[in-house]
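Q: quick check, what structure comes out for this input:
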Amino acid sequence: MLVNLADRHSIANRFVAELRNAEVQKDRLRFRRNLERIGEVLAYEISQTLDYEPVEVETPLGVATPMLPTSRVVLATILRAGVPFHQGMLNYFDQADNAFISAYRRHHKDGSFDIQLEYVSCGDLTDSVLILADPMLATGASIVMALKHLERHGTPRAVHVAAVIASSAGVEAVQRQYPKAHIWLGAIDEELTAKSYIVPGLGDAGDLAYGDKM
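A: Numbering: from 1, shown residues only. Now for the predicted structure:
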């Protein structure tokens, strides 16, 4: 399943537009907040796919029986750009367990790169609903590597991949490796440069959120 928020008319389109806007990007606080807001919107969308059961809740005047989610959610993200996006989802999935992955691109002189993974912090994923959140889905290599390492911690019952901006090539790469994964996006761009940057994209999400790399 693939859900692209840009295919719909919703306030999420404004958040994505501000994330892309070079002038608005100068306000790091707003940039981080917009990543967070997209995370909140996608968390709401994903919540509709979870398992639910009726639960009695006592009010001052009686008893209500809302349908509440029963799935155990694990939110995973790739540091550092993923932190505010992850927080947006955590605002809604506030009872979720969390996993964190440290990974980065190591560039070579010929313009190629490989993905270096340094650290994974994750509990048992057995029978969970795993949501892997990363703002930019460019080639899909980081997402695929992260999922392969997370698999060592148990088999989730469902896998969701969430990104703010994706390239169509990156989406296809994830779908080839994980055809059963649900993919949730703020927007899809067609172009990917020779250095694997998304165009028009929005730039480097980590640098825009936290400052240039040292």
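Q: for the chain, what spans make up the helices?
A: Ranges of helices in the chain, per DSSP state H, are 12-20, 28-47, 82-92, 141-150, 168-177, 205-210.
Q: most tightly packed of the ones you listed?
A: Across those, averaging neighbours per residue (mean count of other C-beta atoms under 10 Å) puts helix 82-92 on top, at a mean of 23. No exception for glycine: its C-beta is placed from N, CA and C like everyone else's.
Q: tell me the angle it makes with helix 12-20.
A: 160 degrees (axes from the mean of the first three to the mean of the last three C-alpha atoms, to 10 degrees).
Q: please begin residue numbering at 269 from this point
A: Shifting the count to begin at 269 puts that one at helix 350-360.
Q: tell me the spatial nearest neighbour of Phe361, not counting adjacent residues.
A: Val341 (4.9 Å; C-beta to C-beta, 6 or more residues apart in numbering).
Q: I figured the one you found was touching Asp395, is that so?
A: No - judged on C-beta atoms under 8 Å, Val341 makes no contact with Asp395 at a distance of 11.6 Å.
Q: for these two, indicate the residue with more neighbours.
A: The neighbour comparison of Val341 against Asp395 (other C-beta atoms under 10 Å) goes to Val341, with 25 against 12.
Q: give me every residue that touches the more buried one.
A: By C-beta atoms under 8 Å, 6 or more residues apart in numbering, the residues touching Val341 are Leu318, Phe361, Gln363, Ala364, Asp365, Ser396, Val397, Ile399.
Q: list just the nearest of those to Leu347.
A: Ile399 (15.8 Å; C-beta to C-beta).
Q: please name the nearest non-neighbouring residue to that closest one.
A: Nearest non-adjacent residue to Ile399 (C-beta to C-beta, 6+ apart): His428, at 4.5 Å.
Q: what's the neighbour count on that neighbour?
A: If we define neighbours as other C-beta under 10 Å, then His428 has 25 of them.
Q: tell me the centre residue of the chain?
A: Residue closest to the mean C-alpha point of the chain, counted by C-alpha atoms, centre = their mean, is Ala401 at 2.1 Å.
Q: who's that one bridged to?
A: Beta bridges link Ala401 to Thr345, Ala430 when assigned by DSSP bridges.
Q: Gln355 is in contact with that one, correct?
A: No - in this structure, Ala401 is not within contact of Gln355 by C-beta under 8 Å, at 9.6 Å.
Q: just list the residues touching the residue nearest to Leu343 when sequence neighbours are not counted, thanks.
A: Distance criterion C-beta to C-beta, 6+ apart; nearest residue to Leu343, sequence neighbours excluded, is Ala364 at 4.7 Å. By C-beta under 8 Å, 6+ apart, the residues touching Ala364 are Val341, Val342, Leu343, Met357, Leu358, Ile399.
Q: out of the residues you listed, who's nearest Ala311?
A: Out of the contacts of Ala364, the member with the shortest distance to Ala311 (by C-beta to C-beta) is Met357, at 4.2 Å.
Q: surely the closest one meets Val342?
A: No - with contacts counted by C-beta under 8 Å, Met357 stays clear of Val342, the gap being 11.0 Å.
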